[in-house]
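Enquirer: I would like the atomic coordinates for the input below:
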Amino acid sequence: MQYVQQVPTESTQQVVGYPALFVLVALGALVPVIPTGALVSSAAVVAFHQRSLPFGVVLVCGVAALGAFLGDVALYWLGQRGVRSRSGSRWLEALRGRATPERLERATRKLDEHGVLVLVVSRLVPAGRIPVMLACLLARLPLARFARGDAPACLAWAATYGLIGIVGGSLFAEPWKGVALAVGLTLLISAAPAVWRRVRGGAEHGTA
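Expert: Next up, the predicted model:
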């Protein structure tokens with residue numbers, strides 16, 4: 001009789017899921033078209049429903065924070081090359097294109113007032129990361145100093161979205177419902193600043 005050793009489904013998901021989460025979050029930091037917050041929250045929901053709680057959720061947050069940190073550092077390094085080059089670079093131009101002059105000015109002012117601590121807030125505020133990173137680049141902040149400020153920022157970011165996943169997972173017995181709620185919440189948080197700017201802009205035009 002032959003015995004076939006079966007790998008538990010949860011172990012298989014972990015082997016595939018954690019590296020995939022790391023790669024997607026790192027890529028999302030480089031090219032912000034991937035909803036990384038929703039990915040972290042969804043992974044936290046799945047980990048919440050597995051028997052590895054709380055280790056699984058902590059591991060999700062750790063993997064996500066590491067991916068975000070390495071992605072940020074890589075993007076900053078590429079941006080530094082553009083700052084030092086006379087002809088610039090497409091990475092630096094891409095960063096400029098994603099930060100309006102008003103938001104860049106506000107980020108520069110906060111960087112002058114609070115130093116690299118502003119990186120923590122920028123990671124938690126939707127669409128706040130790029131203007132602050134660009135302000136750091138234009139201020140020629142050394143990569144090592146940027147990394148020291150970005151490390152706790154990525155940890156806080158991962159913990160925040162991991163907490164959203166825990167909330168979503170705790171409300172429903174079925175993981176897919178928790179994932180749906182977590183994704184909805186993260187997308188709502190991401191869209192809130194754009195909606196607020198549109199509403200405020202409409203109000204200003206109405207009173208003009």
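Enquirer: residue 139: neighbour count?
Expert: Residue 139 is flanked by 11 other residues according to other Cβ atoms under 10 Å. Just so you know, the C-beta spots here come from the backbone N, C-alpha and C atoms, and that holds for glycine as well.
Enquirer: please apply the same query to residue 108.
Expert: For residue 108, the neighbour count with other Cβ under 10 Å is 18.
Enquirer: and the host helix or strand of it, which residues are buried?
Expert: For residue 108, the host element (DSSP states H and E) is helix 101-114. Going by neighbour count (16 or more other Cβ atoms under 10 Å), the buried part of helix 101-114 is 103-104, 106-108, 110-111.
Enquirer: nearest to residue 96 among those residues?
Expert: Closest approach to residue 96 among the buried residues of helix 101-114 (Cβ to Cβ): residue 104, at 8.2 Å.
Enquirer: the strands in the protein, which residues?
Expert: Read by DSSP state E, the chain holds no strands at all.
Enquirer: sketch out the low-pLDDT regions of it for me.
Expert: By pLDDT under 70, the low-scoring segments of the chain are 1-16, 51-53, 85-89, 172-178, 182-183, 185-208.
Enquirer: how close does residue 100 get to residue 107?
Expert: Distance, residue 100 to residue 107, using Cβ to Cβ, to the nearest Å: 10 Å.
Enquirer: any common contacting residues for these two?
Expert: Contact criterion Cβ atoms under 8 Å, 6 or more residues apart in numbering; residues shared by residue 100 and residue 107: residue 131.
Enquirer: and the furthest pair within the buried residues of helix 101-114?
Expert: 103 and 111 (12.3 Å).
Enquirer: so where do the helices sit in this protein?
Expert: Taking DSSP state H to define them, one finds helices in the chain at 9-30, 36-48, 55-84, 90-97, 101-114, 118-124, 129-138, 143-171, 175-207.
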